[in-house]
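Visitor: this one's structure only:
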């Protein structure tokens, strides 16, 4: 019995210690440095927008340093990923999270020739009507980034179970 309790305690400690590292990244560093215990939802949404802009700019700079033409990305008309590509991204990425009515998804881009630029998420309103929201971000080829939807009001507890990522949009960059 004692060895089972010890094994459980060790596994719990590993999971707790590994969790922050799994979420480490530009957006989480930026957002975490701004949030305080008394930060209200409106200010949190402003922080999320600021951090998304900062991190997208850093991603664009990294792409430029890697020799990818930033003008090509700006001029690109994003195309919806195929179902197979959508599944590749979903399989490579952790689940989304909602914090302070802000939808956050740490997206892993497995493609060396595409930059992920937009997602579509559907959910339900309080009247049980489907609602589709768009989140933006910039996940350069073969990297990770956070997509953000600042006004993702959960409304009632069960709505989080109705949220579904419906589409991912990308631009060819190579």
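Guide: Thanks, I have the structure now. Owing to the predicted nature of the structure, the values given are computational and were not obtained by experimental measurement. Numbers count the residues shown, from 1 in each chain.

Visitor: So what's the gap between the lengthiest helix in the chain and the chain middle?
Guide: With secondary structure taken from DSSP state H, the chain has its longest helix at helix 41-65. On the basis of C-alpha atoms, centre = their mean, to the nearest Å, helix 41-65 sits 12 Å off its chain's mean C-alpha point.

Visitor: phi, psi of the nearest residue to residue 104 once chain neighbours are set aside?
Guide: Nearest non-adjacent residue to residue 104, counting by C-beta to C-beta, 6 or more residues apart in numbering: residue 97, 5.2 Å away. (C-beta placed from N, C-alpha, C; glycine too.) Residue 97 adopts backbone torsions of phi -140, psi 160, taken as degrees, to the nearest 10.

Visitor: Apart from its chain neighbours, what residue comes closest to the residue most central in space within the chain?
Guide: Closest residue to the average C-alpha location of the chain: residue 105 at 2.2 Å, with C-alpha atoms, centre = their mean. Leaving out its chain neighbours, the residue that sits closest to residue 105 by C-beta to C-beta, 6+ apart is residue 96, at 4.0 Å.
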